[in-house]
Structure formats: C-alpha cells, structure tokens
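1. Sequence first, predicted model second:
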There are 2 protein chains.
Amino acid sequence: MKTSKLTSLPSIRRLPSYLVLVQQALDEGMEYISGTVIAQELELEPIQVRKDLALTGIVGKPRIGYSVKDLYIAINRFLHWDTEKKASIVGAGHLGQALMGNKEFLKHGLRICAGFDVEPSKIGKKFHGIDIYPLDALPQVKRELGIEIAILTVPSTAAQEVAEQIVRAGITAIWNFTNVKLKVPSQVIVQQEDLSSGYAVLTVKIGAFRASPPG
Amino acid sequence: MKTSKLTSLPSIRRLPSYLVLVQQALDEGMEYISGTVIAQELELEPIQVRKDLALTGIVGKPRIGYSVKDLYIAINRFLHWDTEKKASIVGAGHLGQALMGNKEFLKHGLRICAGFDVEPSKIGKKFHGIDIYPLDALPQVKRELGIEIAILTVPSTAAQEVAEQIVRAGITAIWNFTNVKLKVPSQVIVQQEDLSSGYAVLTVKIGAFRASPPG
DNA sequence: TAGATTGTTAATCGATTAACAATC
DNA sequence: TAGATTGTTAATCGATTAACAATC
C-alpha cells in the first residue's frame, strides 16, 4: 500500500498562521471567530480560509463563525501538534543553538531533548539546558530518550554523511536546514527548510518592484 | 500601474536548489550539465527543470545540456544574487545572531552590515564582527550604510511595532522571521519566513506515515 | 425577521506534465 | 549517422475562486 495522499500542502502551510490568530483570540477571551475576519487579518480570501479550516474537521455556525476553543483544538489535532514529539539537534553550531533556544517549538509539541556535535569542545556542554553529545552516541541516546525527529543543522559539506548516521540510528524523520538534497531510504521523511528559497522570492520581488514600482 | 506579474513562485523557490548543484558542477570543473541530470539529483521531473531554467533566459544545447558557467551566471542574475544588497538584523537574539554568522548569505549578495536591539547589554557589542546599535539609531544607520533590507528577528510580541519603525526609517523590504502577519504600507515588500509552516508539513507527513506506512 | 456566514458544488486559473519536432 | 536532450505547444491536474443554497 502506498502512503495515502496528503491533503493540499499549501493548505497545511497556511494552518499555522491561522493558529496564531486563534491563539490571540483565545487569549482575548473571544468565543467565536469568523473565517471572514481571519481572511481580513491575513489578507486571504474568505473562501480559502473556510476551505482550509474544513480540512481540520471543524464545523462553524452560520452567521457566527467558529468556536475559538474548538478551532484551536481542531487545528492542533490536525497538525498533530497536540502530542509531544522528541527531537534532537544534529549540529550544535549557531543555527542549532538558536533552535535549541526556541521556546515556540514546545507549543507545537516539539521537545528538543538532545544536541549532537563532533566538536570536542562542545561535547558535555549545555545550550539552553540541552546536553550536547558526541555524534557517535546518536544510536544510544536515540534509544534511551526515544528521539524520533532529527533537526539537521550541520554544515552542507557534512550533511549527506551525517544524514546517513541519522538513518542508521533508526530515526525516520529529518527536518533538514542544510541546502543539500539528502539521499535517504524512501521510508525516511525529509522536510527541507531552505532559507535561500524564501530569500530568492524576496530578491526577485525587490527586482520586480524596482523595474516597475506600483502607483 | 500595478506591479508587473511575477513569474511562478514555485519555480523561483526551486532555483536556489539548482544553483547548489551547478556550483558543485562548477567546482568539479564540469563544462556542461543536462536538465535530466539535475532532475535526477533533485528527484524532479526533467521537464520541470527545463521549464524553470528557461525562466532565467539560459539556452541549452540539445544532446549536451547547459553550460555550467553560463547557467550559474543566468540563475544568479535572474535572482538578482549577482548584486550586493545591504541588510540589517533587527533583533539580535539567538536567531538574529545565528543569521549574522551565516556565511552563505554573502554568496547570494546579502551583506548584513548592522544589527539592532533594545537590550542595553547588547548595544556596542559585536556578533560575528557585526556592530549592534540601539533600535532608535535605525534611521541614521540606514542612511549612513545604505541599508535596504531589514531581517526581522524580534519576539512576536514586538514584531508589528518594530516593523513600523523599520518602515518609518525608509526601509522597503522586510524578511520576516516572526510568525506575525505584518501590517505595512503596500509598497513595502514583506517575505514571510515561517519555520512553523515547514514544521506543519513535517508533522502531518509523520502522522500520515504512521497511519499507513509504505511497503 | 433580515442578513451575515457557513459549507457545498461548479468554474476558473495556474502550475505541472506529456508529446514531439528540432538539433547537435 | 543515431540518439539524447532541448524547447515549444498542448493536455492534465490540482488549487483557488465563484456562486449560491442552507442556516442560525
């Protein structure tokens, strides 16, 4: 059996931005929020918001909108952000350290519980309360702590080699912050997080703007 | 006149990954590279690679492929990565510091030449050789150094307010690493760089995999 | 009630993929 | 030459948007 078809990736990517708004509404004690309002805030089409939210199984009230509390629960559940997932940072450089310090992740169920590096001076240290282990210890620490996600933040030159170690350790999900397309077995899930593709969009937009600024 | 229609965003996002491969080919002294090979390496369809590359204006040789050198130049030019753009980090926290240390950006023409923060203890310091100024100094430093891009890495709670300061300082391009949808005048270009949307895709994929693992 | 909003079904739009002639 | 690859034109696919009945 093939992996069942995922729902639209663009929709999934938009859901976290709805969650930010819903969280705000929750904090403000609002009971209901309408798709129209969400659309306005995020500069999207109301119909797109309704379609996206429908994915989560939420049912709204005509004329009223969606229950803020239910919506919060529905989005979190749909994204699987309501269950804790243990992760490790592989490559405790600047970016790796910054990610270890990101409190936001915990709200999404992502608990970073170990860091790995090859640099002897870093091993045994803690960053933001997280222990750094030698890369070789990956299989053992993975077993002991039950790590299921590897956040890959090594230099590009080491990416493929380290990815193979991650796979050998039995980790099947990699959040890849390097610009290298990893060659891994098909059962391993790789999510590419590429700053340069976002930057490319920015620079092209700046270029287009200079060519013909609006009104 | 409205801002002219950009070419397909998905294509633009893929171009940097081609560039990584082309750079490698260049380092290895290869003269030509075919769309077929690029497609194989990145697990894309050859026709998609050809279509994307065509955007840059590159012309290939049937049976041979594309000149590696020409392709490198064409992609870089299309993305405007062949001209230097001066940027500043606004918010010198963990992520901001990590980005200041990112050597990769220089290859894409992005020169980070100043950092800003409100934290008195950080002001006057240097991170990775980059001076940290008080946020109030933004207009002046912007003028003196010719900064055109603000990389926004403040806490979410401060995002909107700081974005307004950025706009008032006359900066018209913001690379936004916060999860806040910024309200800015229409002539300001905002590129959202949202880790949580990538993470959402990862967690949904993991969930789908668990529901029905392949083979 | 009147009217704003939801959710469904249909239409449009844009991106991806297919087919194939041109070519070196 | 034979055959792999490019680039163009057409077909398909999927996501976005429109239309509108249902509803509270």
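-> Looks like it arrived, so ask away. Nothing here was measured: the structure is a model prediction, and the numbers come from that model. Residues are numbered from 1 along each chain as shown, chains lettered A, B, ... in the order given.
2. Could you point out the helix or strand that follows the longest strand along chain A?
-> In terms of residue count, the longest strand belonging to chain A (DSSP state E) is strand A:110-117. Counting by DSSP states H and E, the next helix or strand C-terminal to strand A:110-117 is strand A:126-127.
3. host element of A:Asp82?
-> Going by DSSP H and E, A:Asp82 is not part of any helix or strand.
4. Next, count neighbours for it.
-> Counted with other CB atoms under 10 Å in any protein chain shown, residues neighbouring A:Asp82 total 13. To be clear about C-beta, it is placed using only N, CA and C from the backbone, and glycine gets the same treatment.
5. Repeat that for the one 5 residues further on.
-> Here the count is done by other CB under 10 Å, and A:Ala87 has 23 residues near it.
6. And the one 4 residues further on, by the same measure?
-> Here the count is done by other CB under 10 Å, and A:Gly91 has 26 residues near it.
7. what's the answer for A:Thr172, then?
-> Using other CB under 10 Å, A:Thr172 is surrounded by 19 other residues.
8. residues in contact with the closest residue to it other than its chain neighbours?
-> Excluding its sequence neighbours, the residue lying closest to A:Thr172 (CB to CB, 6 or more residues apart in numbering or on different chains) is A:Val188, at 5.2 Å. Going by CB atoms under 8 Å, 6 or more residues apart in numbering or on different chains, A:Val188 touches A:Val167, A:Ile171, A:Thr172, A:Ala173, A:Ile174.
9. Which of those residues sits closest to A:Lys125?
-> Among those, A:Ile171 lies closest to A:Lys125 (CB to CB), at 22.4 Å.
10. Which of the helices or strands spans the closest one?
-> Counting by DSSP H and E, A:Ile171 is found in no helix or strand.
11. what's the nearest residue to A:Lys205 once chain neighbours are set aside sitting at in phi/psi?
-> Sequence neighbours aside, B:Ile189 is the residue nearest to A:Lys205 in space, at 5.0 Å (criterion: CB to CB, 6+ apart). Here is the backbone geometry of B:Ile189 (degrees, to the nearest 10): phi -90, psi 120.
12. same check, this time on A:Ser17
-> Torsion angles, degrees, to the nearest 10, at A:Ser17: phi -70, psi -30.
13. what's the residue nearest to it when sequence neighbours are not counted in contact with, if anything?
-> In space, and not counting its chain neighbours, A:Ser17 is closest to A:Leu42: 5.9 Å by CB to CB, 6+ apart. Counting by CB under 8 Å, 6+ apart, A:Leu42 touches A:Ser17, A:Tyr18, A:Leu21, A:Val49, B:Lys181.
14. Number of residues surrounding the second one?
-> The number of residues packed near A:Tyr18 is 24, by other CB under 10 Å.
15. Tell me the secondary structure at it.
-> Each residue gets one of three states, and A:Tyr18 gets helix by DSSP: H, G, I helix; E, B strand; the rest coil.
16. how far away is it from A:Ala163?
-> 32 Å (CB to CB, to the nearest Å).
17. Need the pLDDT of the nearest residue to A:Arg14 once chain neighbours are set aside.
-> Leaving aside its chain neighbours, A:Arg14 sits nearest to A:Asp52 (5.5 Å; criterion: CB to CB, 6+ apart). Here, the pLDDT recorded for A:Asp52 equals 98.
18. and A:Asp52, what element?
-> Assessed by DSSP H and E, A:Asp52 sits inside helix A:46-55.
19. Now do that helix: distance to the chain's middle.
-> 21 Å (CA atoms, centre = their mean, to the nearest Å).
20. Tell me if that helix is near DNA strand C.
-> Yes - residues of helix A:46-55 contacting DNA strand C under CB under 7 Å from any atom of the strand: A:Pro46, A:Ile47, A:Arg50, A:Lys51, A:Leu53, A:Ala54.
21. Show me which of these is closest to B:Tyr72.
-> A:Lys51 (40.8 Å).
22. Provide a list of residues in contact with that closest one.
-> Contacts of A:Lys51 by CB under 8 Å, 6+ apart are A:Ser11.
23. cool, A:Gln160 as well?
-> Neighbouring residues of A:Gln160 by CB under 8 Å, 6+ apart: A:Val180, A:Leu182, A:Lys183.
24. pretty sure A:Val190 is touching A:Lys183, no?
-> No - using CB atoms under 8 Å, A:Val190 makes no contact with A:Lys183, being 9.7 Å away.
25. who has more neighbours, the two?
-> Set side by side, A:Val190 and A:Lys183 show more neighbours around A:Val190, with 18 against 13, by other CB under 10 Å.
26. secondary structure class for the more buried one?
-> Quick answer, by three-state DSSP: A:Val190 is strand.
27. Distance-wise, check it relative to DNA strand C.
-> Counting by CB to the nearest atom of the strand, to the nearest Å, the separation of A:Val190 from DNA strand C is 18 Å.
28. What residue, apart from its backbone neighbours, is nearest that residue spatially?
-> Nearest one to A:Val190, counting by CB to CB, 6+ apart, is A:Ile174 at 4.9 Å.
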